[in-house]
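Trainee: Turn this into a structure:
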Amino acid sequence: MEFLEPQARQLYKILGHAEGDGYSDVRCILADGPLLDAAIEKFKNGHGGRAPDEEETKRIKVVNRSIIKGEEAVIAWARKYNGHGNCYIGRSARTEKGALKEFRTITADIDPNRERGTSADGSLQSKALAAGKALTNVFRGGYCAASGNGVLVIYRLAEPVLPDFKVFEAKYKQFEEEMRKVLPEGVTLDATFDTARMVKLLGTVSTKGDKANWRNARFIDFPMLPFARNDIRARIETCGGLAAPVQGTAFKNTVYQSRSESDFALAVHYKKAGLSKEDTLSALSNHALGRKDRHDDHLRIITKVFDEGQSSDQSKGNNTEENRPLQVSQPGDHLDGHRERLYNRKNNPNPEIFIGVRLIDRLTWGLRRGEITTVAARPSIGKTSVAVSVAARMAREGKRVLFFTSEMSTDTTYDRLLQVLSGVPGDKFNAGDFTDEDKLRIDAAYGELKRLGVGLTICDKTSPTVQQVRRTAEEVTPDLVIYDHVQHIGGENESARSNVSSFIRGLKDVARDLNCAVLALSQIKRLYRDAKTGKELRPTLSDLKESGTIEEESGAVLLLSILSDEPNNPVRYLYAELAKNRFGPLGIVGIEFNKLTCEFKDMENAEGALG
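Mentor: Got it, this is the predicted structure:
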């Protein structure tokens with residue numbers, strides 16, 4: 001199949017990957033259709049006719065994923081995988097280990113509305129192309145490219161945006177709404193602000209759906225480089241301001257900072273007047289002050305007013321959290337205490353709050369107050385056991401621990417704690433088949449658990465919101481908060497990625513405001529194996545599931561993966577890679593994890609780094 005090399009080279013330059021020393025994230029993924037059907041049949045033949053489950057299907061779809069550097073390497077990769085599946089390239093430049101480095105473009109992915117899983121015919125694709133041109137006529141300086149079924153519009157930023165993009169993100173989302181207003185009916189604009197987003201690699205061929213014909217992903221009008229300068233960054237920077245709410249007669253002397261705040265005041269008013277939640281919801285959707293198109297926002301507000309006991313005083317603008325003065329400090333306020341703690345560190349063999357892996361604790365100086373430390377791994381590697389061990393050890397040492405076990409019930413958590421404290425193998429807990437010696441050790445562990453008292457608080461609420469986590473932490477006042485895991489949460493956003501981003505930022509606020517350490521557990525996206533050896537590849541920061549915000553907000557990130565695991569050996573050997581460390585150097589260490597007792601410890605060569 002034809003490979004349009006000039007198109008691929010131009011896209012590489014527009015994305016900015018040719019500048020600096022960034023790496024490119026490239027992937028070849030099978031679309032639903034004959035190629036995927038053939039891959040699934042091959043899987044069935046090798047597994048006794050068994051169809052792959054959801055996770056296995058995801059792995060089958062990924063023909064190749066690579067982090068590569070340089071234009072020639074990208075072109076060689078594209079030529080090799082052209083026609084094997086849909087070829088993608090990351091919009092953001094990455095580091096050698098795959099972490100996000102910077103991005104220089106924003107993209108608008110426009111698809112015609114059609115039946116899910118089918119390809120667009122000529123008329124539908126023409127409709128998407130017309131929408132793309134309409135967008136570039138209003139917001140000039142963009143490049144239009146056919147992406148197979150729809151159109152990709154690319155705007156180059158004059159200056160790159162670095163990974164700390166919170167302020168820019170808020171303004172960009174407003175600009176995204178302006179873009180949607182320009183588009184005609186019959187097309188959909190995908191959410192475009194996502195630093196990890198990938199785009200079709202122009203110059204290769206792409207397909208979607210069983211009826212699809214292969215089409216070249218190509219520029220519609222071949223752009224000249226250097227790219228045309230545009231004012232898109234300036235336009236985005238002016239976005240983000242909310243329109244002043246229209247004042248109703250009942251609130252003519254009241255000024256609110258946002259439409260959500262005005263709706264909050266209305267909900268409080270209706271509650272005092274005796275309206276039910278259902279009637280209040282109806283009133284908000286029709287009142288002149290309300291955000292009539294934000295049903296999700298109304299539900300959130302009604303939950304806070306009716307279910308969480310918010311008072312009318314809290315709805316006034318001058319008493320909201322965002323309008324209260326921030327707590328500040330000046331050097332003279334705390335320097336003496338800081339000096340004493342700094343010089344006293346050498347007298348302590350261990351940090352105040354620590355994981356228990358010597359090299360990792362030494363490089364980070366443990367779990368720091370006011371910071372998040374993230375431990376990430378795929379399921380069943382041992383990250384929950386790490387958390388249980390840390391919880392038990394810190395509570396033993398007199399620290400107050402708040403443990404959110406959103407994936408396990410309290411009874412299951414007790415099982416895991418008793419395994420750690422007693423050393424009795426976990427398989428015996430499943431059947432309750434204990435020897436007299438086992439029972440003596442378990443009873444001693446029960447006694448120790450009871451003595452911990454307020455030192456260990458367990459919450460097994462399924463998918464709590466970050467507001468619930470904060471309120472619980474304010475009541476417990478812990479030294480350490482453990483959350484297992486950050487993809488298992490409640491939230492108001494439809495996007496799982498947005499929920500995780502909001503949640504992890506909320507955890508960071510908890511750490512800072514309550515002066516406690518936070519240990520967050522996270523899943524990684526999927527399991528990768530080396531095509532030649534079949535061995536599992538070690539995960540990178542880019543594999544953190546759902547959100548790059550986890551990496552941004554964490555002071556340290558520890559990635560666990562399998563070094564060696566024999567079915568009949570109760571000990572599993574793991575890589576523990578310190579992939580991010582805001583406080584010092586990075587490192588890799590081997591640890592032994594006992595699958596039966598949930599204990600883990602440094603391997604004998606823990607002082608050195610593993611390759």
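Trainee: Test my guess that Ser92 contacts Glu102.
Mentor: Yes: Ser92 is within contact range of Glu102, at 6.6 Å (criterion: Cβ atoms under 8 Å). For glycine as for every other residue, the C-beta is placed from the backbone atoms N, C-alpha and C.
Trainee: so where's the stretch 101-250 of the chain shaky on pLDDT?
Mentor: Across the stretch 101-250 of the chain, the ranges flagged by pLDDT under 70 are 116-117, 163-167, 191-195, 208-212, 221-229, 240-250.
Trainee: So which residues of it form helices?
Mentor: Along the stretch 101-250 of the chain, counting by DSSP state H, counting those that start in this stretch, helices occupy 122-138, 166-182, 232-237.
Trainee: And the stretch 451-600 of the chain, by the same measure?
Mentor: Counting by DSSP H, counting those that start in this stretch, the helices of the stretch 451-600 of the chain are 466-476, 496-514, 549-553.
Trainee: Pick the most deeply packed of the ones you listed.
Mentor: helix 549-553 (a mean of 22; mean count of other Cβ atoms under 10 Å).
Trainee: which strands and helices sit next to it?
Mentor: Counting contacts by 3 or more Cβ pairs under 8 Å, 6 or more residues apart in numbering; DSSP states H and E, helix 549-553 is packed against strand 372-377, helix 496-514.
Trainee: coming back round to it: with mean pLDDT and distance to Thr413 as extra columns, can I get the helices of the stretch 451-600 of the chain in a markdown table?
Mentor: Converted to a markdown table, these look like this (pLDDT from 0 to 100; distance: least, Cβ to Cβ, whole Å):
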| stretch | mean pLDDT | distance to Thr413 |
| --- | --- | --- |
| helix 466-476 | 88 | 15 |
| helix 496-514 | 83 | 20 |
| helix 549-553 | 83 | 23 |
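Trainee: can you list those helices in CSV and add distance to Gly447?
Mentor: Formatted as CSV, the helices of the stretch 451-600 of the chain follow (distance: least, Cβ to Cβ, whole Å):
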stretch, distance to Gly447
helix 466-476, 23
helix 496-514, 30
helix 549-553, 38
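Trainee: Among these, which comes closest to Ala131?
Mentor: Ala131 lies closest to helix 496-514 among the helices of the stretch 451-600 of the chain, at 24.8 Å (Cβ to Cβ).
Trainee: that older thread, okay, the helices and strands packed on helix 549-553 in CSV with distance to Leu183 next?
Mentor: Shown next, in CSV, are these (distance: least, Cβ to Cβ, whole Å):
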stretch, distance to Leu183
strand 372-377, 38
helix 496-514, 22
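Trainee: Can you check which of these gets nearest to Gly132?
Mentor: helix 496-514 (24.8 Å).
Trainee: got the angle between that closest one and helix 166-182?
Mentor: 150 degrees (axes from the mean of the first three to the mean of the last three Cα atoms, to 10 degrees).
Trainee: follow-up on the earlier one: kindly compare burial across the helices of the stretch 101-250 of the chain and name the winner.
Mentor: It is helix 122-138: most buried of the helices of the stretch 101-250 of the chain by mean count of other Cβ under 10 Å, with a mean of 17.
Trainee: Show me what that helix is packed up against.
Mentor: Against helix 122-138 (3+ Cβ pairs under 8 Å, 6+ apart) you get strand 100-112, strand 143-146, strand 151-161, helix 166-182, strand 187-189.
Trainee: Tabulate these in TSV, adding columns for distance to Lys61.
Mentor: Converted to TSV, those look like this (distance: least, Cβ to Cβ, whole Å):
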stretch	distance to Lys61
strand 100-112	19
strand 143-146	23
strand 151-161	21
helix 166-182	28
strand 187-189	22
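Trainee: ok, the residue lying farthest from the centre of the chain to Ile442 distance?
Mentor: Residue farthest from the centre of the chain, counting by Cα atoms, centre = their mean, is Asp436 at 46.6 Å. From Asp436 across to Ile442, the span is 11 Å (Cβ to Cβ, to the nearest Å).
Trainee: so which of the helices and strands packed on helix 122-138 comes closest to Ala556?
Mentor: Closest among these, using Cβ to Cβ: strand 100-112, at 16.9 Å.
Trainee: partner strands of that closest one, parallel or antiparallel?
Mentor: strand 92-94 (antiparallel), strand 151-161 (antiparallel), strand 187-189 (antiparallel) (DSSP bridges).
Trainee: Quick one: closest of those to Gly22.
Mentor: strand 92-94 (2.8 Å).
Trainee: before we move on, back to that, where does the residue farthest from the centre of the chain land on pLDDT?
Mentor: The model reports Asp436 with a pLDDT of 90.
Trainee: got it, and Asp297?
Mentor: 68.
Trainee: can you redo the helices of the stretch 101-250 of the chain as a markdown table with distance to Asn515?
Mentor: What follows is the helices of the stretch 101-250 of the chain, written out as a markdown table (distance: least, Cβ to Cβ, whole Å):
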| stretch | distance to Asn515 |
| --- | --- |
| helix 122-138 | 48 |
| helix 166-182 | 22 |
| helix 232-237 | 35 |
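Trainee: what about the strands in the stretch 451-600 of the chain?
Mentor: 456-459, 480-484, 517-523, 554-564, 571-581, 587-594, 600-602 (DSSP state E, counting those that start in this stretch).
Trainee: contacting residues around the shortest one?
Mentor: Residues external to strand 600-602 that are found in contact with it (Cβ atoms under 8 Å, 6 or more residues apart in numbering): 356-359, 382, 385-386, 389, 574, 589-594.
Trainee: which neighbours does that strand have in its sheet, and in what orientation?
Mentor: strand 587-594 (antiparallel).
Trainee: how much does the strand it pairs with deviate in direction from strand 571-581?
Mentor: Using the same axes, to 10 degrees, strand 587-594 lies at 150 degrees relative to strand 571-581.
Trainee: and strand 587-594, what's its mean pLDDT?
Mentor: Across strand 587-594, the per-residue pLDDT values average to 85.
Trainee: for the helices and strands packed on helix 122-138, which one sits closest to Asn216?
Mentor: Closest to Asn216 of these, according to Cβ to Cβ: strand 143-146, at 7.4 Å.
Trainee: So Gly366, which state does it fall into?
Mentor: coil (DSSP: H, G, I helix; E, B strand; the rest coil).
Trainee: and it, what does it touch?
Mentor: 350-355, 517.
Trainee: How about Leu4?
Mentor: Contacts of Leu4 (Cβ under 8 Å, 6+ apart): 202-204, 216, 218.
Trainee: Good, wrapping up.
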